[in-house]
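what follows is a predicted structure for the sequence shown.
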Amino acid sequence: MSRRTLSERDHRIFKYHYLLGADWKLCCRKLKMERGDFFHEVYRIEQKLGRTFRELQPHALFPVDEYFSSTGREAVAQSCIPFALETEEELPRSSKLLRFPVRRAA
């Protein structure tokens with residue numbers, strides 16, 4: 001979708017920054033751009049692709065902001081709340097409670 005929507009130059013910026021995950025310093029060096037120009041292009045690309053993804057037929061890609069977010073796997077892993085094992089007192093009393101034989105450590 002991005003290849004059809006963006007120009008060749010814009011698609012190179014999109015590919016380096018979003019698909020390959022290069023930071024702005026590497027992108028500016030590779031594309032021979034100034035920092036300000038790079039960010040203006042990135043914001044314009046986000047606007048253009050956001051509109052395209054929202055108006056996509058028959059089904060829009062939603063929510064659009066998650067497609068352009070810059071959080072990595074680490075942020076997602078840290079945001080997950082680890083589950084806590086319930087103690088026996090917290091479990092509802094049931095006659096079908098399974099008890100597994102466990103050897104005590106000596």
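In hand now; what should we look at?

what's the first-to-last distance across stretch 18-26?
12 Å (CA to CA, to the nearest Å).

any stretches of this protein with poor pLDDT?
Counting by pLDDT under 70, the chain shows low-confidence ranges at 61-101, 103, 105-106.

repeat that with 80
Along the chain, the model assigns pLDDT under 80 to residues 56-106.

who does the longest helix seen in it touch, helix- and strand-wise?
In the chain, assigned by DSSP state H, the helix with the most residues is helix 35-54. Applying 3 or more CB pairs under 8 Å, 6 or more residues apart in numbering; DSSP states H and E, we find helix 35-54 packed against helix 2-5, helix 8-14, helix 24-31, helix 64-67. Placement of C-beta: from N, CA and C, glycine included.

can you tell which of those is closest to R44?
R44 lies closest to helix 8-14 among the helices and strands packed on helix 35-54, at 7.7 Å (CB to CB).

go through that closest one and flag the buried ones.
Buried residues in helix 8-14, defined by neighbour count with 16 or more other CB atoms under 10 Å: D10, H11, I13, F14.

kindly report the same for stretch 38-55.
Applying 16+ other CB under 10 Å to stretch 38-55 flags F38, E41, V42, I45, E46, K48, L49, T52, F53 as buried.

return that stretch as PDB; C-alpha atoms alone will do.
The C-alpha trace of stretch 38-55 is given here as PDB (Å, rounded to 0.1, in the frame of the first residue of the first chain):
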ATOM      1  CA  PHE A  38      13.900  14.700   7.300                       C
ATOM      2  CA  PHE A  39      11.300  15.200  10.100                       C
ATOM      3  CA  HIS A  40       9.100  17.400   7.800                       C
ATOM      4  CA  GLU A  41       9.100  14.500   5.300                       C
ATOM      5  CA  VAL A  42       8.400  12.000   8.000                       C
ATOM      6  CA  TYR A  43       5.400  14.000   9.200                       C
ATOM      7  CA  ARG A  44       4.100  14.400   5.700                       C
ATOM      8  CA  ILE A  45       4.500  10.700   5.000                       C
ATOM      9  CA  GLU A  46       2.600   9.800   8.200                       C
ATOM     10  CA  GLN A  47      -0.200  12.200   7.200                       C
ATOM     11  CA  LYS A  48      -0.400  10.800   3.700                       C
ATOM     12  CA  LEU A  49      -0.300   7.100   4.700                       C
ATOM     13  CA  GLY A  50      -2.700   7.700   7.600                       C
ATOM     14  CA  ARG A  51      -5.300   9.100   5.300                       C
ATOM     15  CA  THR A  52      -4.800   6.300   2.900                       C
ATOM     16  CA  PHE A  53      -5.000   3.600   5.600                       C
ATOM     17  CA  ARG A  54      -8.100   5.200   7.100                       C
ATOM     18  CA  GLU A  55      -9.900   5.500   3.700                       C
END
